[in-house]
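>>> Prediction below, plus the sequence it came from.
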Amino acid sequence: MMDGTNRYWPFYGRGMDSFGVDDAPISEELPHPSEGEVLARVDAYAICASDAKMVRMGVDYPLFKGRDFSRDPARLGHELCLTVVEAGERRRRDWPAGRRFGVQPDVYLGGERFCIGVNVPGGMAEYILLGSEVFESDNGSCAFPVADHLSCAAVAQTEPVACIEASFQRHTRSEVGPGDVALVYVDRAAEGDWDLSGLAAASSVTLVSPGSSAVLGLGGAEGRALVADEVPEGAFGVVAIVGNPDDETMRLLVDKVAPRGIVAWLPAREPDGMVEVDVARVHYESIALCGSMDRSLATALDPMARRDDYEPGGTLVISGGAGAMGRFHVVRALQHEQPPSRVVVTDMSDARLDSLAASFSGLAEARGIELATVNIAEEGWGERLAAAVGPKGASDIIACAPGVAPVECVAGLLRDDGMLVLFAGTKYSSFAKVPLGLVPKGRATIVGHSGSGVEDQLRVIEKMDRGTLDPNVNVAAVAGLLAGKEALAAVGNGLYAGKIIVYPHLAELPLTPMGELASVDAGLAAYVEKNGWTVEAERLLAQAYDRSESN
């Protein structure tokens, strides 16, 4: 049984001034695990932009839900690499001392949410005590062993990389279920026949604008169909749009869909390309946007019509791609088994774009991929961006920065059969013009997704084991526990384009950018310059730091 103390950074909910006590971590007696718990050493934690957001928003952060920080301070940190120190009786067989592991921080048990680093203590500490909810969650164990050849930095980054990996998995529905309440809007100018027999499974169907001359084949739903003169209140599991409504009506109809619902557009003629959509809803609520020009709901719902990954050899645009998460997207594309032939990254900072080019130009060249950058804060950026993308348009676009502008500045470049991924979260009622008309016209894909699961992290681990994905290339700086506050402030201020990795047990290691590792040890700096950040680099860091501390 291990005795001692555990140093950690508390957060009292009032901005950066309330992170720590007198700008320092505090100590507690090292806890011992109960029968279902595991005490782990925090080998490394990566600082997430969400950590900085929690500090900035305090009690207004949605997951804190009015928390009384004076009585219940938070302990942040959810991107972790851990080693078992001591396991309770029920955990010892599967989690013996010395086992390295990673963890999925968004945990549900009995439907209750246990977010590591939010409403349960996180890993900005030397040690962390993990409860039964982590090992017996509603989705099974949220902890997973990792191999010794993976660096602590890479393991700590599996969670953010998994969020990116998850955005390329199918999360939307492609069929009408028996519990769905359906809304069918028929534009009064629509003429001809439409096949909506796929709605037969819906529990109810509401028809709006039934005075149209359109003939609706509802299959077995006719006897349950209601008729309304106006779009009713409430949300609908399925919204079917027949014809070509005006812009205001399209915006209203798309916003009527319920979370995990389906919007199916069946135009009467070639549709306008751009429609205003609440991008936050698409991002957070797994809404399916589909359509077809052949007037058949079944064709619109066909999952084979939508893509889940880049077009091999295509042109990928990453909007706001020079920040930490955007760089992960760049790495994924450049290291992909079937990569695009051209990657165009936009941002509003020359420094971040220059850093990205310096980090990844060699990798792009080795893979035969053209890497271009465009600063959209400079005059004439639109022409330069269009030239970088080329006359055929973008086969794939990823919006990595939150807000309307990062979407609208690139959405018009999407090719008819392209894929637009609304990756960045933003506030609700953020209506941006997206090329929804390309969905029925060219079978384009417009999707969004938030978060990840342990299965996504395991896919990341598998890619890391195969050598087809290396998060180490995104390490921008390292620090010890005592520099944790400075490191967090640096993330909040956007001082580094990549990730800051904190090694708590090298407690007094100052915040050190990759380009200044010679201040710790010349041999370490030379090794990293040649080989990048690796397990060996971490060993040399610990060795060099221990040597400098003893002098």
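In hand now; what should we look at? Numbering: from 1, shown residues only.

>>> got the contact list for the strand or helix carrying residue 352?
Secondary-structure assignment from DSSP states H and E places residue 352 in helix 350-366. With Cβ atoms under 8 Å, 6 or more residues apart in numbering as the test, helix 350-366 has contacts from 321-323, 327, 330-331, 334-335, 343, 345, 347, 370-371, 373-375, 473-474, 494, 497-498. Using the backbone N, CA and C atoms, a C-beta is placed for each residue, glycine as well.

>>> can you check stretch 199-213 too?
The set of residues external to stretch 199-213 that reach it, using Cβ under 8 Å, 6+ apart, is 175-191, 216, 218-221, 224-232, 236-238, 240, 242-243, 297.

>>> Among those, the buried ones, what's the ChimeraX command?
A single ChimeraX command is used to select the members of these judged buried by 16 or more other Cβ atoms under 10 Å:
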select :176,180,181,182,183,184,185,186,187,190,216,218,219,221,225,231,236,237,238,240,242,243,297
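
>>> Mark which of the contacts of stretch 199-213 are part of strands, please.
Among the contacts of stretch 199-213, the residues falling in strands (DSSP state E) are 181-186, 216, 225-228, 236-238, 240, 242.

>>> follow-up on the earlier one: among the contacts of helix 350-366, name the ones in helices.
Among the contacts of helix 350-366, DSSP state H puts 327, 330-331, 334-335 in helices.

>>> Helices along the stretch 451-551 of the chain, start to end?
454-466, 484-492, 522-531, 535-550 (DSSP state H, counting those that start in this stretch).

>>> So for whichever strand or helix holds residue 290, mean pLDDT?
Residue 290 belongs to strand 288-291 when assigned by DSSP H and E. Taken as a whole, strand 288-291 has an average pLDDT of 97.

>>> Can you pull out the residues in contact with that strand?
Around strand 288-291, the neighbours that count as contacts under Cβ under 8 Å, 6+ apart are 172-174, 254, 261-267, 277, 282, 300-301, 305-306, 436, 439-441, 446-447.

>>> where does the protein have low pLDDT?
Along the chain, segments meeting pLDDT under 70 span 1-2, 213, 222-223, 547-551.

>>> Where do the domain boundaries of it fall?
The record's domain parsing of the chain by automatic domain parsing lists 5-167+455-550, 181-304, 308-448.

>>> Residue 45 contacts residue 123, correct?
Yes: Residue 45 is within contact range of residue 123, at 4.7 Å (criterion: Cβ atoms under 8 Å).

>>> what is in contact with those two at once?
Residues touching both residue 45 and residue 123 (Cβ under 8 Å, 6+ apart) are 77, 79-80.

>>> I'd like these laid out as CSV, including distance to residue 53, secondary structure and neighbour count.
Shown next, in CSV, are the shared contacts of residue 45 and residue 123 (distance: Cβ to Cβ, whole Å; DSSP: H, G, I helix; E, B strand; the rest coil; neighbours: other Cβ atoms under 10 Å):
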residue, distance to residue 53, secondary structure, neighbour count
77, 14, coil, 30
79, 14, strand, 28
80, 18, strand, 28
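
>>> Need these in CSV (columns: distance to residue 529).
Converted to CSV, these look like this (distance: Cβ to Cβ, whole Å):
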residue, distance to residue 529
77, 29
79, 26
80, 28
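
>>> Nearest to residue 483 among the residues you listed?
If you rank these by distance to residue 483 using Cβ to Cβ, residue 77 comes first, at 14.2 Å.

>>> Could I get the phi/psi values of the closest one?
Phi and psi for residue 77, reported as degrees, to the nearest 10, are phi 110, psi 110.

>>> Give the buried residues for the helix or strand hosting residue 162.
Using DSSP H and E, residue 162 sits in helix 158-166. Within helix 158-166, the residues scored as buried using 16+ other Cβ under 10 Å are 158-166.

>>> Let me know the closest of these to residue 116.
Of those, the one sitting nearest to residue 116 (Cβ to Cβ) turns out to be residue 159, at 9.6 Å.

>>> Quick check: that closest one touching residue 457?
Yes: taking contacts as Cβ under 8 Å, residue 159 lies within contact range of residue 457: 6.4 Å.

>>> Between those two, which contacts overlap?
When contacts are counted by Cβ under 8 Å, 6+ apart, residue 159 and residue 457 are jointly contacted by 102, 104.

>>> which residues touch the closest residue in space to residue 9 that isn't next to it in sequence?
Excluding the flanking residues, the one nearest residue 9 by Cβ to Cβ, 6 or more residues apart in numbering is residue 124, at 4.4 Å. Going by Cβ under 8 Å, 6+ apart, residue 124 touches 8-9, 45, 51, 75-77, 117, 484, 502.
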